[in-house]
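>>> how does the following fold in three dimensions:
(chains A and B)
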2 protein chains.
Amino acid sequence: MMEEMKNRFVAIKYNINGAPNECDFEIKSETICLSARSKEVIVKNLYVSVDPYQLNRMKAHSSSQAAISFATAITPGQGIDTYGVGRVVSSGRSDLAKDDLVVGLLTWGEYTLAEPGRLLNKLDPMDLPLPYYVGPLGFSGVTAYGGFYEVCKPKKGESVFVSAASGSVGSLVGQYAKLFGCHVVGCAGSQLKVDLLKEKLGFDDAFNYKDETDLKSALKRYFPEGIDIYFDNVGGKMLEAAVANMNTFGRVAVCGAISEYTGGGRKASPDMLDVVYKRITIQGFLAADYLKCYADFISTTAEHLRTGKMQGLSDISYGVESVPSAFVGLFRGDNIGKRIVQIADE
Amino acid sequence: MMEEMKNRFVAIKYNINGAPNECDFEIKSETICLSARSKEVIVKNLYVSVDPYQLNRMKAHSSSQAAISFATAITPGQGIDTYGVGRVVSSGRSDLAKDDLVVGLLTWGEYTLAEPGRLLNKLDPMDLPLPYYVGPLGFSGVTAYGGFYEVCKPKKGESVFVSAASGSVGSLVGQYAKLFGCHVVGCAGSQLKVDLLKEKLGFDDAFNYKDETDLKSALKRYFPEGIDIYFDNVGGKMLEAAVANMNTFGRVAVCGAISEYTGGGRKASPDMLDVVYKRITIQGFLAADYLKCYADFISTTAEHLRTGKMQGLSDISYGVESVPSAFVGLFRGDNIGKRIVQIADE
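Numbering: from 1, shown residues only, chains lettered A, B, ... in the order given. As a prediction, this is how the structure comes out:
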């Protein structure tokens, strides 16, 4: 007997080229069959990730996104892939059974029909909360870990600046950098976030960029000896100000450029004379390039979370209907830590 | 007996913050004593280098230049250091004798008083023309060699784009890249230069950027499969267009940004989304960082020049009075190959 079920999922109504609004999204329904065919797996989504980069997939197709599969354009009316944690409803794969917890590429919806070959692995949560596997132990975590250790190539005692420092990736980068023995300053967009960076996450210092009229001078104040590493999540003017304050042989890891995603902010024009004379390296990267460090990353980070040396900040809303507002809010800086939607009870 | 002599040298009258004019310079005279004191060396300058980066030293002091000694600000009225070849007049150093040829840090003048510790080495020209030691075997050469091999990290068969490709560094980078087995396209500012790149220097293709209204489309035409390496001498819009056409894991070596030196051109705003999604690395460098390859560089390059596998293009004017016009002309793209002033007969 084939059980049928309604699946509700989020879709965009049309391509989005500027700042997103909730009315750009719709909740659609489809009827799905809850018994998997050969090699397919049907997953009940529990926690799904909500990330700024998804906006780039919602734009009219651009060349940069053609480079990698998970950044391909999102089609209006269709389901939207995202990283998440779920539970197997039915499985055509020998390595997954009904009721197994899984982590991988799910959807902004109630269920995911995982075709053969889709990224989906059995999850042993090792007594850690499931949302951690979307945040510090998920793609945000491996982004922070690979970006900090492999792209920034830190040395003990170096000065590290992190923008969007209370966000999903920035909050982890700052903590890795402190544990590694760096001097870490972060910026964020509210006093609450600044306090949290200093008091809860152990940043050496932090500031609210909205209070600063001159970002170059602000960074000069926080880094009188210059910046060795800038972990860039925002692009725009902050990138320019950081480059102006970099030390010789400084490194910029470009993780994202959220200030440039909506087309509203000015694009960064870092001073190329600084880049040459100070021999600065500006390097873009994606977490997917650092999956070779995945085992190290998971064991190190899980241990730090378990012993309290690292904090996993999650900002969770409930229900598939809350995905659009959770997503739109990212571009207003609403979130503190990893933005996640809990789709169903565990 | 102490012989005294008049030394004429070039100085700036005041700091220069925009495009330079000949009237910004003056020829000054001083009386020098032609017998060196302890550890000093007096050099009669023969060939001196004329390079765009000197303009940055003529500006009001900027932070980027504080990073390295040879980029320190030039003081109005004072002599100006430059790389060159000369002959020893008198020496207080045991490793240098009267009439030795030397290469190192000279001045835009008739004589150089080389204080102890100044970069100055005995030169054995190995039957190659002396101007080569200012160009392809001098700082331009080590810039091209270190920049291409160490910064660009080329692989055989990769596609290389070089801007200012008929200039002192670009012309060498293109030739190294061809000898290494890359596909090489250059751009320059006249049909004459374009013909020279293709017919004399062996570039696979070349174009006149002044004929192109849309640089992104132009590069798409010349690199239908994308660019793996961009050796950037110009900055500005060309850097943006190159980043837009880079392949995944592409590398940009930022050697200079001549279009941005005079403050007239627009600063580059490379698309940070391209940088992230295509994992592009943009890296500034200076020849001084690659002196560890110096022995390799000299032996390889001298051999290529001797066997005709590489061409050393020099653009030589005569007499210390010609330095200002030679320098000013660089910013109009007057030069083909390495711009050198011959100060005195060999």
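
>>> quick one: the helices in the stretch 201-346 of chain A, in order.
Counting by DSSP state H, counting those that start in this stretch, the stretch 201-346 of chain A has helices at residues A:215-222, A:236-244, A:258-261, A:272-277, A:294-307, A:323-330.

>>> what is the rounded mean pLDDT of the fourth one?
On average, the pLDDT along helix A:272-277 is 93.

>>> for the third one, same thing?
The average pLDDT for helix A:258-261 rounds to 84.

>>> thinking again about what came up before, right, and the helices of the stretch 201-346 of chain A - which one's nearest B:Glu150?
Distance to B:Glu150, taken as Cβ to Cβ, is lowest for helix A:272-277 among the helices of the stretch 201-346 of chain A, at 14.9 Å. In this view, the C-beta of every residue, glycine as well, is placed from N, C-alpha and C.

>>> from the chain's centroid, how far away is that closest one?
Put simply, helix A:272-277 sits 30 Å off its chain's centre (Cα atoms, centre = their mean, to the nearest Å).

>>> is chain B contacted by that helix?
Yes. Against chain B, helix A:272-277 shows contacts by Cβ under 8 Å from any Cβ of the partner chain at A:272-277.

>>> re the thing from before, same list, the helices of the stretch 201-346 of chain A, but as a markdown table with distance to B:Ile229 and mean neighbour count please.
Putting the helices of the stretch 201-346 of chain A into a markdown table (distance: least, Cβ to Cβ, whole Å; neighbours: other Cβ atoms under 10 Å in any protein chain shown) gives the following:
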| stretch | distance to B:Ile229 | mean neighbour count |
| --- | --- | --- |
| helix A:215-222 | 31 | 18 |
| helix A:236-244 | 22 | 24 |
| helix A:258-261 | 25 | 22 |
| helix A:272-277 | 17 | 24 |
| helix A:294-307 | 30 | 16 |
| helix A:323-330 | 35 | 21 |
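
>>> could you tell me the least trusted of the ones you listed?
Averaging pLDDT over each of these singles out helix A:258-261 as the lowest, with a mean of 84.

>>> give me the secondary structure label for A:Asn121.
At A:Asn121, secondary structure determined by DSSP: H, G, I helix; E, B strand; the rest coil is strand.

>>> so which of the helices of the stretch 201-346 of chain A comes closest to B:Gly86?
By Cβ to Cβ (comparing all of these), the closest turns out to be helix A:272-277, at 26.9 Å.

>>> same for that closest one, what does it pack against?
With contacts taken as 3 or more Cβ pairs under 8 Å, 6 or more residues apart in numbering or on different chains; DSSP states H and E, helix A:272-277 sits against helix A:236-244, strand B:246-254, helix B:258-261, strand B:281-284.

>>> let's have these in TSV, adding distance to A:Phe327.
Shown next, in TSV, are the helices and strands packed on helix A:272-277 (distance: least, Cβ to Cβ, whole Å):
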stretch	distance to A:Phe327
helix A:236-244	20
strand B:246-254	27
helix B:258-261	38
strand B:281-284	30
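
>>> of those, which is nearest A:Ile80?
Checking the helices and strands packed on helix A:272-277 against A:Ile80 by Cβ to Cβ gives strand B:246-254 as the closest, at 23.7 Å.

>>> contact residues of chain A facing chain B?
A:56, A:62-65, A:67-68, A:71, A:235, A:239, A:244, A:248, A:254-257, A:260-261, A:267-269, A:271-286, A:289.

>>> can you name the residues bridging to the closest residue to A:Cys152 other than its chain neighbours?
Excluding the flanking residues, the one nearest A:Cys152 by Cβ to Cβ, 6 or more residues apart in numbering or on different chains is A:Ile229, at 4.6 Å. Note on A:Ile229: beta-bridge partners by DSSP bridges are A:Val160, A:Arg251.

>>> A:Ile229 and B:Gln283, how far apart?
In this structure, A:Ile229 and B:Gln283 are 15 Å apart, going by Cβ to Cβ, to the nearest Å.
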